[in-house]
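> Build the 3D model from these lines:
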Amino acid sequence: MTQTNRPLILTAAITVIALIVLYGMGRDLICPCGNIKFWGGNTPLIESSKHLFDWYTPSHLLHGFLVFGLLWLVARRVPLGWRLVIATMIEASWEVLENTPMVINAYRELPAGAGYSGDSVINSAMDIGAMFLGFWLASRLPVWASVLVIVGFEVLTVWLIRDGLALNILMLIHPIDAVSAWQTGS
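Next up, the predicted model:
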């Protein structure tokens, strides 16, 4: 194993371990409906976050941009491959935490998460992959373009589903009645 391959091998290992942990936690490997759909954004609530990609995939893409930016600020001298390892540890940890009963129940209390039952393992794998893509794009794009992508995806998801990364974080940390009413259309 060469020095340059170590970060990629470790990144792959972290991803596989996270997926094994999720499966061990009782997460469905694929949608309980028995199908694997490319796009699960317009599926029945019971299939939410069970297919390859959905309306929350952009949030995971943005995780890659944001973690890349954070690591650029605090660890820019660390080689890119090792920063990817750190980003993968963060994203994989979030995928596991996001699928614990504590977080699933917290999401269920929110208007946008009513009926949420957690991700399938295949959806979590794609979420981690979306983070990889965001991280890679952030490493290639100028800062202004990265900011434009982040703002663009946030506006798109807020417009289409009345949710997004920023709203998701806000409502998990400090739910606001007016935002809840707007998300439910009441």
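
> so which helix or strand takes in the residue nearest in space to the middle of the chain?
The residue lying closest to the centre of the chain (Cα atoms, centre = their mean) is H60, at 3.0 Å. Using DSSP states H and E, H60 sits within helix 57-75.

> Show me which positions of the lowest-mean-pLDDT helix or strand in the chain end up buried.
Ranked by mean pLDDT, DSSP states H and E, the weakest helix or strand in the chain is helix 177-184, scoring a mean of 86. Neighbour-count burial for helix 177-184, counted by 16 or more other Cβ atoms under 10 Å, picks out 179, 183. Glycine gets a C-beta too; all of them are placed from N, C-alpha and C.

> tell me what that helix is packed against?
helix 165-173 (3 or more Cβ pairs under 8 Å, 6 or more residues apart in numbering; DSSP states H and E).

> What lies in contact with the helix it packs on?
For helix 165-173, contacts defined as Cβ atoms under 8 Å, 6 or more residues apart in numbering pick out 56, 58-59, 62-63, 106-107, 110, 112, 153-154, 157-158, 176, 179-180, 183.

> got it, and stretch 126-133?
So stretch 126-133 is contacted by 15, 18, 52-53, 56-58, 60-61, 63-64, 67, 84, 87-88, 91-92, 95, 119 (Cβ under 8 Å, 6+ apart).

> rerun at 7 Å
Residues from elsewhere that reach stretch 126-133 (Cβ atoms under 7 Å, 6 or more residues apart in numbering): 15, 52-53, 57, 60-61, 63-64, 87, 91-92, 95, 119.

> any chance of the residues you listed in a markdown table, with pLDDT and distance to M102 too?
Below are the contacts of stretch 126-133 laid out as a markdown table (pLDDT from 0 to 100; distance: Cβ to Cβ, whole Å):
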| residue | pLDDT | distance to M102 |
| --- | --- | --- |
| T15 | 98 | 23 |
| L52 | 96 | 26 |
| F53 | 95 | 25 |
| T57 | 95 | 23 |
| H60 | 98 | 20 |
| L61 | 98 | 25 |
| H63 | 98 | 20 |
| G64 | 98 | 25 |
| A87 | 98 | 24 |
| E91 | 98 | 19 |
| A92 | 98 | 18 |
| E95 | 98 | 14 |
| D119 | 95 | 15 |
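
> Farthest-apart pair in those residues, please.
L52 and A87 (20.9 Å; Cβ to Cβ).

> of the two, who's got more company?
Higher neighbour count among L52 and A87: A87, with 25 against 19, using other Cβ atoms under 10 Å.
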